[in-house]
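S.K.: curious how this folds, go ahead:
(chains A and B)
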2 protein chains.
Amino acid sequence: MAEPLRIALAGLGTVGAGVIRLLAANAALVRARAGREIRVVAVSARDRTRDRGVDLGPFDWCDDMTAMAARPDIDAVVEMVGGADGPALTLAKAAIREGKALVTANKAMIARHGLELAEAAEAANGGRGVALKFEATVAGGIPVIKGLREGAAANAIVRVQGILNGTCNFILTAMEESGRDFAEVLAEAQARGFAEADPSFDIEGIDAGHKLAILAAIAFGARLDFAHVSCVGIAAVRAADIARARDLGFVIRLVGAADVEQGADGAPRLLQRVRPCLVPRAHPLAHVDGATNAVVAEGNFSGRLLFQGAGAGDGPTASAVVADLIDIARSAGKGGEAGPAFSVPVGQLVAMAPAEPGDRRERSYIRMTVADRPGVLAEITAAMRDAEVSIESLIQQGQPDVAGDVLVAMVTHEGPERCVEEALRLLDGSPSLTAPPLVMPILEA
Amino acid sequence: MAEPLRIALAGLGTVGAGVIRLLAANAALVRARAGREIRVVAVSARDRTRDRGVDLGPFDWCDDMTAMAARPDIDAVVEMVGGADGPALTLAKAAIREGKALVTANKAMIARHGLELAEAAEAANGGRGVALKFEATVAGGIPVIKGLREGAAANAIVRVQGILNGTCNFILTAMEESGRDFAEVLAEAQARGFAEADPSFDIEGIDAGHKLAILAAIAFGARLDFAHVSCVGIAAVRAADIARARDLGFVIRLVGAADVEQGADGAPRLLQRVRPCLVPRAHPLAHVDGATNAVVAEGNFSGRLLFQGAGAGDGPTASAVVADLIDIARSAGKGGEAGPAFSVPVGQLVAMAPAEPGDRRERSYIRMTVADRPGVLAEITAAMRDAEVSIESLIQQGQPDVAGDVLVAMVTHEGPERCVEEALRLLDGSPSLTAPPLVMPILEA
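M.R.: Have a look, this model is predicted:
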């Protein structure tokens, strides 16, 4: 059997400890499948004394993780430090520069610096390259990066849609099941450890945006462009919206969606958006409940592929990290990992300007909180008419909702998004509206 | 850019023509992702004159496909001839012997001869090996073999469950939607091209069994053993069963399931079964409708992973075949494909005796067609009592079903399978039963 793949782990939080636990628990099968042992040689973290529930005795402890990456007895570095910049990025660059394979679970870092790291990885080892792998950055234990980069590699991908944040999906599902409103469910999720103390990164859609940007680059061969991911979170979704959606045959999910359109100049333009959406029950994402993640990729030959599973947690994340290490072990003895990090070399990724979605045609759900007085409905419907928004159905609740507001909910016929924007512009500042309206697109089945 | 990967296609049915169409339509992106051109050099099929809707002009036509496999200007052979033995197997062996990579969509051949072919592939090229890849054999365009072999490679797989035959799922879904009985729906499916003129291979579960055997070998590191896959088809399922299951909160699906148990002697034993099952709505397979396929794999770290998509058709199958070719192109210049066909070398696969399921505990749905006379229920319930089957609910229809039979349907409490078998043995030959009973397991959510 070949020499062991010798690895260094940086960062020993729950995921780092999970990787150590997995490599111990599944040692025999990992060795059999990798074709050689995957051996942890050195570890590094901030606090040497903390009890992590795993025995660190067999490993060299390194206080300086960047120096650890340079050790000649290390083949691959696993970065689980976290943070888009700072020590994680310094370590990642150092590891690649030293010609070590790099595996990371750090979605913020890959979303912001993935191209730079991938270029460095291509140039490393005097141009022979090193592996840069990051399966764990998107959708936890679900092999969706491999699914797009390799499994669906023969396809032009038409569209990617995903439920990419387990916290948001947990909250929306709990609202659905209990009929309670957002703030109450969030507080419970925090108490039970399903949401961070500062949940803004999750609930504002930023975390899902990081993952969407990574998927979009691979799916469409586009230069990674997190800066132009438009993110709308779930804080404005109310229990009444979920109830109304259910009556209409939909569930509400935070969906990251990306596709490519041709601009007027013939150049491709990339649309990347994270938004709460109405998902029809016949859509595969409608049955994704709780903290589960899922990605739908539509290939021009494969049709619609669904990848679903646990989107977070130490076990699933460790599963993805070690799968990357097994890939490296399987191929590294043969001259390096098969193919570039983003499926094609960075130099071949196409810089795509962001699409302007106004011309897109879709059905929308529009919900307004209104003053309970005569003429409000006339004002709203006049604005819709003036903006050429065609209303399919409109419901004004007789009673205020659990938050004490009177709600008007509309479903539009399919039409250009800009018409809805225009209608909202016409109503902007109107005393009839007591809060900003909520617009959610309705996905096609 | 590297030299082209030069391929020969044998078999030009709908899938073979689909591969040619895909390589033409997606030529630029396949070249970018593979790192080099995938070039069809030679083709072979029975009938040179047939119009296949693709231009064969650019390719060398070979009458002798085994000779084609030996051509020095060929790097990889794509076998789409079909049939477990005969010309397909002869071709596959010849290609491997000549040191060519082999890609095949032939599930019957891999299910029956996969180990022999994988051993030959490991020994080829003077021991350096050649790639043997067969993503298209299981679940069409869904990259589930890659998902298990690579994506979930870090996990001990606890269980695999799949909807692996699109024809059966189409029929069961159509029965569900229309309330019609099996024979009528099958006839319509045949008329519309969703079922073969001789559908026995599909509806008796053999096709699903082939796929299950391939998945089980990869998931559990077991020697492929199609001979011990127990297959029960869907012909006995009635519209009344589907209606009853729905009332209880289930759908009926043909599920292939495999797991490994420890025998009394401590040796692992492999259970592989294809059976119509009652699937609770909370189970991911409950929402797989029409001709869609899906596989659930439960890893000990990843948790439950779901892979879903189109299980058949020329587009999805071509997508899988060309994904295999891209994998080969990406790595072949670097000394060969990464890792063995069944995830570990054939010599390391464990020969597992078939498990004896009698001790398994499960809930069952039992449906009997009975004579409409006094004492029948007493006889049935006495047999259940004597066999120690505990009945959770029992429904006797007041009216005969659409086929004119009086039905008694029971759901048992969880108990050993052998008790249900014993109850049926006690009732065997009883004049109270007008047809053999149907037993379906109830899957856990």
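S.K.: who touches residue A:165 in this structure?
M.R.: Residue A:165 is in contact with A:202, A:205, A:207-208, A:211, A:254, A:293, A:311, counting by C-beta atoms under 8 Å, 6 or more residues apart in numbering or on different chains. Yep, even glycine has a C-beta here, placed from its N, CA and C like the rest.
S.K.: run the last query once more with 6 Å
M.R.: Taking C-beta atoms under 6 Å, 6 or more residues apart in numbering or on different chains as the contact definition, residue A:165 lies against A:202, A:207-208.
S.K.: these in helices, which ones?
M.R.: When DSSP state H is applied, these are split such that A:202, A:207-208 fall in helices.
S.K.: circling back: considering the contacts of residue A:165, which possesses the most neighbours?
M.R.: The most crowded member of these, judged by other C-beta atoms under 10 Å in any protein chain shown, is residue A:208 (33 neighbours).
S.K.: and the gap between the closest residue in space to residue A:426 that isn't next to it in sequence and residue A:359?
M.R.: In this structure, residue A:426 finds its nearest non-sequential neighbour in residue A:383, 4.1 Å apart by C-beta to C-beta, 6 or more residues apart in numbering or on different chains. Separation of residue A:383 from residue A:359 (C-beta to C-beta, to the nearest Å) stands at 21 Å.
S.K.: higher neighbour count, the two?
M.R.: The residue with more neighbours, out of residue A:383 and residue A:359, is residue A:383; 19 against 11, by other C-beta under 10 Å.
S.K.: for the residue of chain A most remote from its centre, phi and psi?
M.R.: No residue in chain A sits farther from the centre than residue A:374, which is 44.1 Å out by C-alpha atoms, centre = their mean. Here is the backbone geometry of residue A:374 (degrees, to the nearest 10): phi -60, psi 150.
S.K.: let's see the pLDDT reported for it.
M.R.: Among the per-residue scores, residue A:374 shows a pLDDT of 87.
S.K.: residues contacting it?
M.R.: By C-beta under 6 Å, 6+ apart, residue A:374 lies in contact with nothing.
S.K.: ok, residues contacting the longest helix seen in chain A?
M.R.: Ranked by number of residues, the top helix in chain A under DSSP H is helix A:314-332. Here helix A:314-332 makes contact (C-beta under 6 Å, 6+ apart) with A:5, A:14-15, A:18-19, A:22, A:33-36, A:38, A:76, A:101, A:103, A:105, A:131, A:133, A:135-136, A:140-141, A:310, A:337-338, B:151, B:153-155, B:301-303, B:338-339.
S.K.: all strands of the stretch 201-350 of chain A, in order?
M.R.: A:230-231, A:250-262, A:268-280, A:292-299, A:303-310 (DSSP state E, counting those that start in this stretch).
S.K.: helices or strands next to the fourth one in the packing?
M.R.: Strand A:292-299 sits against strand A:157-163, strand A:303-310, with contacts defined as 3 or more C-beta pairs under 6 Å, 6 or more residues apart in numbering or on different chains; DSSP states H and E.
S.K.: the helices in chain A, which residues?
M.R.: For chain A, helices defined by DSSP H occupy the ranges A:14-25, A:27-34, A:65-69, A:86-97, A:107-123, A:144-146, A:166-178, A:182-191, A:200-203, A:206-220, A:239-248, A:314-332, A:376-386, A:417-427.
S.K.: okay, the ones you listed, which one's buried deepest?
M.R.: Mean neighbour count (mean count of other C-beta atoms under 10 Å in any protein chain shown) peaks for helix A:144-146 among the helices of chain A, with a mean of 30.
S.K.: does chain B sit close to it?
M.R.: Yes: counting by C-beta under 6 Å from any C-beta of the partner chain, chain B is contacted by helix A:144-146 at residue A:146.
S.K.: what are the contacting residues of that helix?
M.R.: A:135, A:138, A:295, A:307, B:151.
S.K.: which one of the helices of chain A lies nearest to residue B:243?
M.R.: Closest approach to residue B:243 among the helices of chain A is made by helix A:239-248 (24.7 Å; C-beta to C-beta).
S.K.: let me know the angle separating the closest one from strand A:250-262.
M.R.: Angle of helix A:239-248 versus strand A:250-262, following axes from the mean of the first three to the mean of the last three C-alpha atoms, to 10 degrees, is 80 degrees.
S.K.: now do helix A:239-248: which elements does it pack against?
M.R.: Contacts defined by 3+ C-beta pairs under 6 Å, 6+ apart place helix A:239-248 against helix A:166-178.
S.K.: run the chain-centre distance for the helix it packs on.
M.R.: With C-alpha atoms, centre = their mean, to the nearest Å as the basis, helix A:166-178 stands 17 Å off its chain's centre.
S.K.: cool, and stretch A:34-52?
M.R.: For stretch A:34-52, the distance to the chain centre is 27 Å (C-alpha atoms, centre = their mean).
S.K.: again, but for stretch A:307-322
M.R.: 13 Å.
S.K.: pLDDT of that stretch, averaged?
M.R.: Stretch A:307-322 shows a mean pLDDT of 96.
S.K.: same list, the contacts of helix A:144-146, but as CSV with neighbour count and distance to residue B:222 please.
M.R.: Listed next are those as CSV, based on neighbours: other C-beta atoms under 10 Å in any protein chain shown; distance: C-beta to C-beta, whole Å:
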residue, neighbour count, distance to residue B:222
A:135, 28, 26
A:138, 31, 31
A:295, 30, 30
A:307, 31, 25
B:151, 34, 19
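S.K.: quick check: residue A:151 touching residue B:141?
M.R.: No: the criterion here is C-beta atoms under 6 Å, and residue A:151 misses it with residue B:141 at 8.7 Å.
S.K.: dump the strands of the stretch 201-350 of chain A into TSV; add distance to residue B:324 as well.
M.R.: Listed next are those as TSV, based on distance: least, C-beta to C-beta, whole Å:
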stretch	distance to residue B:324
strand A:230-231	37
strand A:250-262	26
strand A:268-280	28
strand A:292-299	15
strand A:303-310	16
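S.K.: what residues does chain A put near chain B?
M.R.: So far as C-beta under 6 Å from any C-beta goes, chain A lies against chain B at A:22, A:26, A:29, A:32-33, A:141, A:143, A:146-147, A:151, A:153-156, A:287, A:301-303, A:305-306, A:308-310, A:315-316, A:318-319, A:322-323, A:326, A:330-331, A:334-335, A:338-339, A:343-344, A:348.
S.K.: follow-up on the earlier one: by how many degrees do the longest helix of chain A and helix B:314-332 diverge?
M.R.: Between helix A:314-332 and helix B:314-332, the angle comes out at 60 degrees (the same axes, to 10 degrees).
S.K.: kindly export helix A:314-332 (C-alpha atoms) in PDB.
M.R.: Extracted in PDB, the C-alpha atoms of helix A:314-332 (Å, rounded to 0.1, in the frame of the first residue of the first chain):
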ATOM      1  CA  ASP A 314     -20.000  18.300  12.800                       C
ATOM      2  CA  GLY A 315     -20.700  14.800  11.400                       C
ATOM      3  CA  PRO A 316     -21.900  15.900   7.900                       C
ATOM      4  CA  THR A 317     -19.200  18.500   7.600                       C
ATOM      5  CA  ALA A 318     -16.500  16.000   8.600                       C
ATOM      6  CA  SER A 319     -18.000  13.600   6.000                       C
ATOM      7  CA  ALA A 320     -17.400  16.200   3.300                       C
ATOM      8  CA  VAL A 321     -13.900  17.200   4.500                       C
ATOM      9  CA  VAL A 322     -12.800  13.600   4.600                       C
ATOM     10  CA  ALA A 323     -14.300  12.900   1.200                       C
ATOM     11  CA  ASP A 324     -12.100  15.600  -0.200                       C
ATOM     12  CA  LEU A 325      -9.100  14.100   1.500                       C
ATOM     13  CA  ILE A 326     -10.000  10.600   0.100                       C
ATOM     14  CA  ASP A 327     -10.100  12.200  -3.400                       C
ATOM     15  CA  ILE A 328      -6.700  13.700  -2.900                       C
ATOM     16  CA  ALA A 329      -5.300  10.400  -1.500                       C
ATOM     17  CA  ARG A 330      -6.700   8.500  -4.400                       C
ATOM     18  CA  SER A 331      -5.200  10.700  -7.100                       C
ATOM     19  CA  ALA A 332      -2.200  12.400  -5.500                       C
END
